[in-house]
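>>> predicted model and sequence below, questions to follow.
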Amino acid sequence: MGKLDGKVAIITGAGRGIGRAMALKVAADGARVVLNDLDEAPLAETLAEIRDAGGQGLAVAGDVTEAEFPDRILSAALDGFGEVDIVVNNAGYIWNSMIQNTTDEQWRTMLDIHAGAPFRLLRVTGDYFRKAAKADMARLGGVRARKVVNVTSVAGTHGAATMVAYAAGKSALVGLTKSLAQAWGRFNVTVNCVAFGLIETRLTQRVDAGPKTISVAGRPLKVGLMEEEEAGFLARTALGRLGTPDEAAGAVYLLCLPESNYITGQVLECAGGL
């Protein structure tokens, strides 16, 4: 018996890196997982890995910033599994600049992916949570615990000079988290954040041999760290290394467990002591 047996988890950005590790971890502990990613190929690979290991899941590809996305993924979860217990807002990416080089488009895009998309998904899910709590009370005489975990960053909690728009979006997500923790306590929904530091993903890969980019909606975006940048971060990190995607997923997993049922409105930093 897994601690998440019978639970249904929605995880956005689950095709690669930390999101993929999250999906595999909660599925291995018994959760049925509704996966999302912008890119269909890695999303299908994550789903296949879950199913090959005996888990249950379904995939909803698409852009989390699209207006119809929240209704679509919630409907898929309810049609496929009948309920939702856990929502993890993980989808996102970087588009970095200092403020003098930050365009209006860049600013709006970073706020929308990191704060707007979680807001819209949770607005829709909140209506479901209210109805589910009422049904629980009538059927069970009490309300079962449900969980929201929002993925922020130490850039959002401490700032980052060259990541102005990204940091603002991640900081806004902290405010959303704390507000919903207050609003949804009466539905027995805990709402928390995990703030990541440097984790080994394609966004933090070494770029000593030349610039690296990722493509998002046809837009090439620079990613990665030069050796001296990485060394500077590691010198300020107590554990002296980058975290792994599995370690990052573990921090989210902690806030999905029954042991965290009395923890809400918190920001857990998973940053190796950065």
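Yep, it's here.

>>> which residue is nearest the centroid of the protein?
Central residue of the chain (C-alpha atoms, centre = their mean): Asn90, 1.7 Å from the mean position.

>>> so what's that one up against?
Going by C-beta atoms under 8 Å, 6 or more residues apart in numbering, Asn90 touches Ile11, Thr12, Gly13, Ala14, Ile18, Gly19, Met22, Val151, Val252. No exception for glycine: its C-beta is placed from N, CA and C like everyone else's.

>>> next one: Gly13
Gly19, Asn36, Asp37, Leu38, Val64, Asn90, Ala91, Gly92.

>>> equivalent analysis for Gly273, please.
So Gly273 contacts Thr237, Ala238, Leu239 (C-beta under 8 Å, 6+ apart).

>>> what is the nearest of those residues to Gly55?
Leu239 (30.7 Å; C-beta to C-beta).

>>> that closest one reaches Gly272, doesn't it?
Yes - Leu239 lies in contact with Gly272 (C-beta atoms under 8 Å); the separation is 3.8 Å.

>>> those two: who's more crowded?
Neighbour count, other C-beta atoms under 10 Å: between Leu239 and Gly272, Gly272 has more, with 20 against 13.

>>> so that one sits against Phe196, correct?
No - Gly272 is beyond contact range of Phe196, at 9.9 Å (criterion: C-beta under 8 Å).

>>> what residues do these two have in common as contacts?
Listed as contacting both Gly272 and Phe196 by C-beta under 8 Å, 6+ apart are Gly243.

>>> contacts only, for the closest residue to Pro118 other than its chain neighbours.
Ranked by C-beta to C-beta, 6 or more residues apart in numbering and with sequence neighbours excluded, the top spatial neighbour of Pro118 is Asn89, at 3.9 Å. With contact set as C-beta under 8 Å, 6+ apart, Asn89 has these partners: Thr12, Ala117, Pro118, Leu121, Leu122, Val148, Val149, Asn150, Val151, Leu173.

>>> what are the contacting residues of stretch 198-213?
16-18, 93-94, 214, 220-227, 230, 233-234, 237, 242-245, 247-248, 270-272, 274.

>>> how about the residue nearest to Pro118, phi and psi?
Per-residue torsions, Asn89: phi -90, psi 100 (degrees, to the nearest 10).

>>> specify the beta-bridge partners of it.
Asn150 (DSSP bridges).

>>> on that earlier part again, what's the most distant pair in the contacts of Asn89?
The largest separation in those, counting by C-beta to C-beta, is between Ala117 and Val149 at 14.8 Å.

>>> just to revisit the earlier point, closest to Asn261 out of the contacts of Gly13?
Distance to Asn261, by C-beta to C-beta, is smallest for Asn90 among these, at 21.3 Å.

>>> and the gap between that closest one and Thr204?
For Asn90, the distance to Thr204 equals 16 Å [C-beta to C-beta, to the nearest Å].

>>> got it, and Asp37?
Asp37 is 19 Å from Thr204, by C-beta to C-beta.

>>> higher neighbour count, these two?
Set side by side, Asp37 and Thr204 show more neighbours around Asp37, with 29 against 20, by other C-beta under 10 Å.

>>> pLDDT value on the residue nearest to the more buried one when sequence neighbours are not counted, please?
Distance criterion C-beta to C-beta, 6+ apart; nearest residue to Asp37, sequence neighbours excluded, is Gly15 at 3.1 Å. Gly15 is assigned 96 on the pLDDT scale.

>>> how about the strands in the stretch 51-200 of the chain?
In the stretch 51-200 of the chain, the segments counted as strands under DSSP state E, counting those that start in this stretch are 57-61, 86-89, 146-153, 189-196.
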